[in-house]
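In: could you look at this predicted model? Sequence included:
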Amino acid sequence: MDGQSSSHTWLPWQLVDSAFPTGGFAHSWGLEAAWQQGEVPDADALRDFVRAAIWQTALGSLPFLNAAFDAPARLAELDALDDAFLTSAVANRASRQQGRTLLATAARVWPTRELLALETEQRSLATHVAPLSGALFRAMKLPRDTAQRIVLYLAVRGVLSAAVRLGVAGSYEAQSLQAAVSSDLDAAMIRAAHLTERDAAQPAPLIDVWQGAHDRLYSRLFQS
């Protein structure tokens, strides 16, 4: 894509940069509801929440990303399966919003034939972010393991960014926590590297419950 190759060094950095508008900062991944209900009162509880979010992403999202990356022609099928998999209305809605935003941004920044075709195809889909990311990053010629790392990293960054804005943790504390969970990210990468949609699971059901409670909060900063 326009001078880029699979060995391009800078593209992943741009995709994970906070200036790249993917819509992720509109979501707390259930943290806001958990915090308001007193379930994440301190740094130790936040660390547990972040670790749960890592495994929820690794086992609930990467299987769909992997399958779509390996077989982008199956995107419509995998999108429908992910739609059925995400039974929480709030999590389902957030996934669709982020998928559409990610693709729309990428297609405008890099208007290649592949991405424009993908943008046209998604109009008939729910456009869930996990399978969409797989097909999109494949079209952008990113390595498969880089695509997996981007999704895991964005999950951690999203939770910790929400924690800072909610006042659960300070900026330095959040950065220390992000460094502390690097081994969890490595373990999740190894565990989920070859999973497919048949292996998808929700290992942190409480996160799903908290996300589902988000719309019932009296006041909220985030969409989920």
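Out: In hand now; what should we look at?

In: pLDDT of the lengthiest helix in the chain, averaged?
Out: Looking across the chain with DSSP state H, the single longest helix is helix 144-166. Helix 144-166 shows a mean pLDDT of 95.

In: show me what secondary structure element comes after it.
Out: Using DSSP states H and E, the helix or strand that follows helix 144-166 towards the C-terminus is helix 171-180.

In: next, count neighbours for the closest residue to Ala68 other than its chain neighbours.
Out: In space, Ala68 comes closest to Gly134 once its chain neighbours are excluded; the distance is 3.1 Å by CB to CB, 6 or more residues apart in numbering. C-beta coordinates here come from the backbone N, C-alpha and C atoms, glycine included. Gly134 has 29 neighbours, counted by other CB atoms under 10 Å.

In: next: Leu152.
Out: Leu152 has 24 neighbouring residues, counting by other CB under 10 Å.

In: correct me, but the residue nearest to Ala68 touches Ala73?
Out: No. At 11.7 Å, Gly134 does not count as touching Ala73 under the criterion of CB atoms under 8 Å.

In: quick one on the thing from earlier: separation between the residue nearest to Ala68 and Ala147?
Out: Distance, Gly134 to Ala147, by CB to CB, to the nearest Å: 7 Å.

In: need the residues touching each of these two.
Out: The contact sets of Gly134 and Ala147 overlap at 65, 69 (CB atoms under 8 Å, 6 or more residues apart in numbering).

In: thinking again about what came up before, look up how far Arg165 lies from the residue nearest to Ala68.
Out: Separation of Gly134 from Arg165 (CB to CB) stands at 29 Å.

In: likewise for Thr196?
Out: 35 Å.

In: and the helix-or-strand element of the chain with minimal mean pLDDT, how far out from the chain's middle?
Out: Ranked by mean pLDDT, DSSP states H and E, the weakest helix or strand in the chain is helix 205-212, scoring a mean of 91. Taking CA atoms, centre = their mean, to the nearest Å, the mean C-alpha location of helix 205-212 is offset from the chain mean by 15 Å.

In: what helices or strands is the host helix or strand of Ala80 leaning on?
Out: Element membership for Ala80, per DSSP H and E: helix 75-85. Judged by 3 or more CB pairs under 8 Å, 6 or more residues apart in numbering; DSSP states H and E, helix 75-85 is in contact with helix 62-70, helix 113-121, helix 129-139.

In: go with 6 Å
Out: Applying 3 or more CB pairs under 6 Å, 6 or more residues apart in numbering; DSSP states H and E, we find helix 75-85 packed against helix 62-70, helix 129-139.

In: what residues does the last one touch?
Out: With contacts defined as CB atoms under 6 Å, 6 or more residues apart in numbering, helix 129-139 is touched by 61, 64-65, 68-69, 72, 75, 78-79, 82, 95, 98-99, 103, 114-115, 118, 147, 151.
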